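Participant: what follows is a predicted structure for the sequence shown.
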Amino acid sequence: MMRRFLALLLLAGLVTAAAAAERLPNIVIIFIDDMGYADIGPFGATDYPTPNLDRMAQEGRRFTDFYVTQPVCSASRAGLLTGCYNVRVGILGALNDRATHGISAQETTLAEICKQKGYATAIYGKWHLGHHLPFLPLQHGFDEYYGLPYSNDMWPFHPELPGRFPPLPLMNNNDIIDPNVDHEDQARLTTNYTERAVDFIERNKERPFFLYVPHSMVHVPLHVSNKFKGKSKRGLFGDVVMEVDWSVGQILDALRRNNLARHTWVIFTSDNGPWLSYGDHAGSAKPLREGKGTTFDGGVREPTLMWWPGTIPAGTVCREPAMTIDILPTVAKLIGAKLPDHKIDGKDIWPLVIGEPGAKSPQEAYYFYRGRALEAVRMGRWKLHFPHKYRTLGGRPGGKGGIPAKYETAEIGLALFDLENDPGETKDVKDEHPEIVAKIKMLADKIRQDLGDSRLGIEGKGIRQPGRL
């Protein structure tokens, strides 16, 4: 009898182990708004503590050369969720309350990839891919949505455009539940997103899920709950980052508490670099050049952490270039989902994620557009800028107390930078490497035929239209 009992126990253990092995992994993406490269401890921040992100880096992998498609809100989110350069899917800039377009129903989002395999899906935070009903999250693969339809500064209290925007709505699924978000409401946003994210994990712990948490912070106007107000040495901005760090800790603790840590891939990154004109209400991109709104690395290279205990090697660093467009095809391959029939731009970066020895970026190059103009290309360690104008503070300090300083316009000519030795893009080395310039120019000519280049009057053959009312 005892032998039979032990055999049954062994069989039950084998069944449990097999079930765990067969379980599809959960996917969690925490997407911060306007966070600079140096705004968290693992990337150099020292004026305030970020213990949860520090631990995430210690237990996971830090990506030093991880990019977004464009240095602005809607464009960046389109790239993340579709696996395409945002130019391809027709989403440019930052959509506002007057926009009559949004993400097309013909595009396949990361949530829809996960739905193929029966995932529960949710977004708690800022959407910003169209605020009209056809463009909202529930029409694009998400089961649940709570948050703002666009940026939190698109409200009547904008410091430079007072009265330009109508009241800011807060949404739950397809409905507006608060038509007039005020300062107190904004101060609760980070906490509310976090509590809903934790509740979603608790409710879906027995099935695979995709959880997307695109925080409204650290985008201005900065708001923080009472539990973090006045806690940092960096003023309100530091307080806000500390609350974002707390949010990350709450989500990771929920995964640990429910024995999901070894079944969950967590990605932490940002939509673009810091809004430098806001000065003490903005972060830092050091040692990178410039910030949000530019295609220098300060605008498009983001502090990125990936965590999956037992799968992603702890305390490691990836210095290969990668981009948010690569997440969708990587997830699709990981869970055995089918990629969309139309063309996407991302590629599987799983070997980089798990630290496979000798793994290299699968992309020959990454392309950086501003609007529809191709401004820069990164190929390996090299980055070539084509002549373009850009906004800058020109060495002047930013604004104070939520009032931005004025940008000035500067211009860069054709310039090649060696990012391995010069991450700040300070020394033009095109004359020393004409063969690199020639090769990148060839790649640029090829992508222009596909995605176009408004600077040269080229209409791309591979661009698709956004959804329209």
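Facilitator: Noted; the coordinates are in hand. Quick caveat, the model's predicted, so the values are computed rather than measured.

Participant: what's the lengthiest helix in the chain packed up against?
Facilitator: When the chain is parsed with DSSP state H, its longest helix is helix 235-257. Contact analysis of helix 235-257 by 3 or more C-beta pairs under 8 Å, 6 or more residues apart in numbering; DSSP states H and E lists strand 26-32, helix 51-59, helix 183-203, strand 209-214, strand 264-270 as its packing neighbours. Where you see a C-beta, it was placed from the backbone N, CA and C, and this is true even at glycine.

Participant: using TSV, lay out these together with distance to Thr311, mean pLDDT and mean neighbour count.
Facilitator: Formatted as TSV, these follow (distance: least, C-beta to C-beta, whole Å; pLDDT from 0 to 100; neighbours: other C-beta atoms under 10 Å):
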stretch	distance to Thr311	mean pLDDT	mean neighbour count
strand 26-32	12	98	25
helix 51-59	11	98	19
helix 183-203	18	98	18
strand 209-214	17	99	26
strand 264-270	7	98	24
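
Participant: of all those, which one comes closest to Gln106?
Facilitator: Among the helices and strands packed on helix 235-257, strand 209-214 comes nearest to Gln106, with 20.5 Å by C-beta to C-beta.

Participant: buried set for the longest helix of the chain?
Facilitator: Residues 235-252, 254-255 are the ones in helix 235-257 that count as buried (16 or more other C-beta atoms under 10 Å).

Participant: check the offset of it from the chain's centre.
Facilitator: Relative to the chain's own centre, helix 235-257 is displaced by 17 Å; criterion: C-alpha atoms, centre = their mean, to the nearest Å.

Participant: circling back: output the helices and strands packed on helix 235-257 in a markdown table; the columns should cover distance to Gln70.
Facilitator: What follows is these, written out as a markdown table (distance: least, C-beta to C-beta, whole Å):
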| stretch | distance to Gln70 |
| --- | --- |
| strand 26-32 | 14 |
| helix 51-59 | 25 |
| helix 183-203 | 24 |
| strand 209-214 | 16 |
| strand 264-270 | 13 |
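
Participant: give the rounded mean pLDDT of the longest helix of the chain.
Facilitator: The pLDDT scores in helix 235-257 average 98.

Participant: just the helices from the stretch 51-200 of the chain, written as ranges.
Facilitator: Along the stretch 51-200 of the chain, counting by DSSP state H, counting those that start in this stretch, helices occupy 51-59, 73-82, 86-89, 110-115, 183-203.

Participant: what is the last one packed up against?
Facilitator: Looking back up the chat, that one is helix 183-203. Helix 183-203 is packed against strand 120-124, strand 144-147, strand 209-214, helix 235-257, with contacts defined by 3+ C-beta pairs under 8 Å, 6+ apart.

Participant: ok, which of the ones you listed comes nearest His158?
Facilitator: Closest to His158 of the helices and strands packed on helix 183-203, according to C-beta to C-beta: helix 235-257, at 17.5 Å.

Participant: how far off strand 209-214 does the closest one point, in degrees?
Facilitator: Using axes from the mean of the first three to the mean of the last three C-alpha atoms, to 10 degrees, one finds that helix 235-257 and strand 209-214 are set 180 degrees apart in direction.

Participant: got the CA positions of helix 235-257 in PDB?
Facilitator: Taking Å, rounded to 0.1, in the frame of the first residue of the first chain, the C-alpha atoms of helix 235-257 are listed here in PDB:
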ATOM      1  CA  GLY A 235      12.000  67.500  -5.500                       C
ATOM      2  CA  LEU A 236       8.700  66.500  -7.100                       C
ATOM      3  CA  PHE A 237      10.300  64.700 -10.000                       C
ATOM      4  CA  GLY A 238      12.300  62.400  -7.600                       C
ATOM      5  CA  ASP A 239       9.100  61.800  -5.600                       C
ATOM      6  CA  VAL A 240       7.300  60.700  -8.800                       C
ATOM      7  CA  VAL A 241      10.100  58.300  -9.800                       C
ATOM      8  CA  MET A 242      10.000  56.800  -6.300                       C
ATOM      9  CA  GLU A 243       6.300  56.100  -6.700                       C
ATOM     10  CA  VAL A 244       6.900  54.500 -10.100                       C
ATOM     11  CA  ASP A 245       9.600  52.300  -8.400                       C
ATOM     12  CA  TRP A 246       7.100  51.400  -5.700                       C
ATOM     13  CA  SER A 247       4.600  50.400  -8.500                       C
ATOM     14  CA  VAL A 248       7.100  48.100 -10.000                       C
ATOM     15  CA  GLY A 249       7.700  46.500  -6.600                       C
ATOM     16  CA  GLN A 250       4.000  46.000  -6.100                       C
ATOM     17  CA  ILE A 251       3.700  44.200  -9.400                       C
ATOM     18  CA  LEU A 252       6.800  42.000  -8.900                       C
ATOM     19  CA  ASP A 253       5.700  41.200  -5.300                       C
ATOM     20  CA  ALA A 254       2.300  40.100  -6.700                       C
ATOM     21  CA  LEU A 255       4.000  37.700  -9.100                       C
ATOM     22  CA  ARG A 256       6.200  36.300  -6.300                       C
ATOM     23  CA  ARG A 257       3.300  36.000  -3.900                       C
END
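
Participant: on that earlier part again, how about the helices and strands packed on helix 183-203, which one is nearest His223?
Facilitator: Among the helices and strands packed on helix 183-203, helix 235-257 comes nearest to His223, with 7.4 Å by C-beta to C-beta.

Participant: give the contact list for Val28.
Facilitator: Going by C-beta atoms under 8 Å, 6 or more residues apart in numbering, Val28 touches 210-213, 251, 255, 264-267.

Participant: what about it, distance to Ser247?
Facilitator: Computed as C-beta to C-beta, to the nearest Å, the Val28 to Ser247 distance reads 12 Å.

Participant: what do these two both touch?
Facilitator: Residues touching both Val28 and Ser247 by C-beta under 8 Å, 6+ apart: Val213.

Participant: between the contacts of Val28, which sits nearest Ile91?
Facilitator: Nearest to Ile91 among those is Tyr212, at 16.6 Å by C-beta to C-beta.

Participant: bridging residues for the closest one?
Facilitator: Ile29, Ile123 (DSSP bridges).

Participant: contacting residues around it?
Facilitator: Here Tyr212 is in contact with 28-29, 31, 110-111, 121-125, 142 (C-beta under 8 Å, 6+ apart).

Participant: ok, those residues vs Trp307, which is closest?
Facilitator: Nearest member of the contacts of Tyr212 to Trp307, counting by C-beta to C-beta, is Val28, at 8.9 Å.

Participant: my read: Glu160 touches Pro404, true?
Facilitator: Yes - the criterion here is C-beta atoms under 8 Å, and Glu160 meets it with Pro404 at 6.8 Å.

Participant: the two: which is more packed in?
Facilitator: Neighbour count, other C-beta atoms under 10 Å: between Glu160 and Pro404, Pro404 has more, with 19 against 10.

Participant: pLDDT score for Gly293?
Facilitator: We have a pLDDT of 98 for Gly293.

Participant: how deep is it tucked in, by neighbour count?
Facilitator: Counted with other C-beta under 10 Å, Gly293 comes out at 21.

Participant: my read: it touches Pro71, true?
Facilitator: Yes - between Gly293 and Pro71 there is a contact at 5.5 Å, judged by C-beta under 8 Å.

Participant: which neighbours do these two have in common?
Facilitator: 272, 299.

Participant: check the gap between the residue lying closest to Gly467 once chain neighbours are set aside and Lys347 for me.
Facilitator: Distances taken as C-beta to C-beta, 6 or more residues apart in numbering place Ser104 nearest to Gly467, at 4.0 Å, with adjacent residues excluded. As judged by C-beta to C-beta, Ser104 and Lys347 stand 22 Å apart.
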